[in-house]
Each structure stands twice: as structure tokens, then as C-alpha cells.
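Enquirer: Give me a 3D structure for the following:
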Amino acid sequence: MYNDKNEKIGSIDDVIITLDKKLSYAVVGTGGFVGLGKHDVVVPIKQLQEQDGKFVLPGATKETLKALPAFEYAKSANK
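Expert: A predicted model of the protein is given here:
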């Protein structure tokens with residue numbers, strides 16, 4: 001994923017789909033190396049734009065994404 005300055009700011013690792021089968025959020029991984037120290041955040045799909053085959057989040061930087069609250073998947077009760 002890139003910002004409007006064509007700087008890579010993270011990667012879309014997953015999407016969250018609502019019960020009525022609509023895309024609602026993108027789970028974006030920022031920072032880290034080989035999965036270590038990675039900070040996952042969620043970004044509303046409506047804020048993303050597609051430009052030249054890339055997803056763009058206008059005005060964002062790595063720092064603004066890292067400042068968002070961390071996203072964690074719900075823990076399964078069966079584990």
C-alpha cells in the first residue's frame with residue numbers, strides 16, 4: 001500500500017467482510033522485518049483508492065499508520 005507521494009507505507013494483509021458480504025476494513029501491516037515487530041492496524045476500505053494497480057491511502061505516512069491503535073484478531077474460545 002502506498003500514499004499519494006508513491007511511498008510504500010505498509011501492506012494489506014487481510015480484509016474484514018461484514019455479515020452482508022461487504023468489504024469494510026483492510027488490515028494493514030506496518031513496519032517490522034519478516035513479521036517481527038510488525039504493527040497491524042485497520043483502515044476503512046472507503047479511504048483507499050486504486051491507482052495504477054496499487055492501493056493508495058492519501059495523506060498517510062508510515063508514522064501515521066503506526067500511531068493508530070494496534071489491531072488484534074479475536075482469540076478463539078476453542079484454543
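
Enquirer: could you dump the host helix or strand of residue 63 to CSV, C-alpha only?
Expert: For residue 63, the host element (DSSP states H and E) is helix 62-66. Provided in CSV are the C-alpha atoms of helix 62-66 (Å, rounded to 0.1, in the frame of the first residue of the first chain):
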residue,chain,number,x,y,z
LYS,A,62,4.3,5.0,8.0
GLU,A,63,4.3,7.1,11.1
THR,A,64,0.5,8.0,11.0
LEU,A,65,-0.3,4.3,10.5
LYS,A,66,2.0,3.2,13.4
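
Enquirer: Point out the other helices and strands that it packs with.
Expert: If contacts are counted by 3 or more Cβ pairs under 8 Å, 6 or more residues apart in numbering; DSSP states H and E, helix 62-66 sits against strand 23-30, strand 39-44. For glycine as for every other residue, the C-beta is placed from the backbone atoms N, C-alpha and C.

Enquirer: Can you get me a residue count around residue 18?
Expert: 9 (other Cβ atoms under 10 Å).

Enquirer: sorry, back to before: what comes up buried for the helix holding residue 63?
Expert: For helix 62-66, burial by neighbour count (16 or more other Cβ atoms under 10 Å) applies to residue 65.

Enquirer: List the contacts of residue 16.
Expert: Residue 16 makes contact with 23, 24, 25, 26, 27, 42, according to Cβ atoms under 8 Å, 6 or more residues apart in numbering.

Enquirer: which among those gets closest to residue 53?
Expert: Distances from residue 53 to the contacts of residue 16, taken as Cβ to Cβ, are shortest for residue 26 (16.0 Å).
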